[in-house]
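A.B. asks: sequence plus the predicted model coming up.
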Amino acid sequence: EDFDYSEDFDSYNYSGEIERKSFYNSISLEEMRMRRLATTFALIVSKIAEDYSIYENDGDDIWDIKRLMLRRFTKEPLSKCRLGLERERLILALDFSGSCIPQSRFFKRLSEIASKNKDIEVFDASNGFDLEDNYSITDNQSYKFDYFKNRIVIFFGDFDGGASLVRLSKIAKVYWFSCEDRYDDLCEHGWCCGYSLEDFKGKYYRCLDENDFIKLTKKIRS
């Protein structure tokens with residue numbers, strides 16, 4: 001039997017034109033962008049993570065060869081001849097200061113992606129790093145500058161905190177993804193204490209937005 005839908009449609013009293021706008025495509029595109037950004041971030045972190053420091057501790061990850069060799073003298077049970085391995089967390093530092101407002105959504109996405117990785121600690125590094133107060137979004141507490149010594153730090157931000165990045169690069173391994181588009185060099189910025197990019201001892205990449213970041217994947221992996 002054929003149905004006549006005209007009666008059903010006539011029963012609705014619409015005022016004005018029906019809004020036919022659909023957010024399906026925008027939602028799908030947003031999800032695709034997030035997945036692509038997450039994939040890019042994972043690839044870049046995996047390359048940088050080759051320099052991760054791994055520490056031994058009490059645990060059950062691998063055999064302790066030294067203890068096994070001495071076991072006939074120490075009489076230790078096999079269960080005591082194991083070691084744990086702890087990977088030092090990588091630092092992701094993001095500049096959410098006023099000058100980075102155009103990048104704030106991009107940085108927030110990176111923060112959300114990194115928060116799902118237990119090997120990454122996220123810091124709010126607005127206008128760079130401070131000697132006494134550096135806020136960890138992950139741990140919800142502040143750390144002194146020395147906390148970053150001998151660590152791997154990935155920083156996203158402009159030249160406003162440039163002097164602290166130069167100083168940090170002397171005690172840590174720093175990857176700087178710079179969204180600076182006002183100056184060509186640190187020495188042109190009044191807050192950078194006369195430092196130049198030549199004084200920065202880490203890896204420096206120009207990265208104004210997500211598209212730049214994605215394009216950098218091949219360069220960093222090579």
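C.D. replies: Here it is on my side, so go on.
A.B. asks: can you pull out the helices in this structure?
C.D. replies: Using DSSP state H, the helices of the chain run over 6-10, 24-48, 65-74, 104-114, 162-168, 210-221.
A.B. asks: what about A38, distance to F213?
C.D. replies: 12 Å (Cβ to Cβ, to the nearest Å). Just so you know, the C-beta spots here come from the backbone N, C-alpha and C atoms, and that holds for glycine as well.
A.B. asks: list the contacts for the residue most central in space within the chain?
C.D. replies: Nearest to the mean C-alpha position of the chain, counting by Cα atoms, centre = their mean, stands L92 at 4.1 Å. Residues near L92 by Cβ atoms under 8 Å, 6 or more residues apart in numbering: L110, S111, A114, I120, E121, V122, F123, I154, F156.
A.B. asks: which two of these have the greatest separation?
C.D. replies: The most widely separated members of these, counting by Cβ to Cβ, are E121 and F156 (14.4 Å).
A.B. asks: separation between the nearest residue to K201 once chain neighbours are set aside and D209?
C.D. replies: Once flanking residues are discounted, K201 sits nearest to S169: 4.0 Å by Cβ to Cβ, 6 or more residues apart in numbering. Using Cβ to Cβ, one obtains 24 Å as the distance from S169 to D209.
A.B. asks: same question, L216
C.D. replies: Taken as Cβ to Cβ, the span from L216 to D209 is 11 Å.
A.B. asks: and S111, by the same measure?
C.D. replies: 16 Å.
A.B. asks: can you list the low-confidence ranges for this protein?
C.D. replies: 1-27, 51-62, 84-87, 221-222 (pLDDT under 70).
A.B. asks: higher neighbour count, L216 and D209?
C.D. replies: Neighbours per residue (other Cβ atoms under 10 Å) separate L216 from D209, with L216 holding more: 16 against 12.
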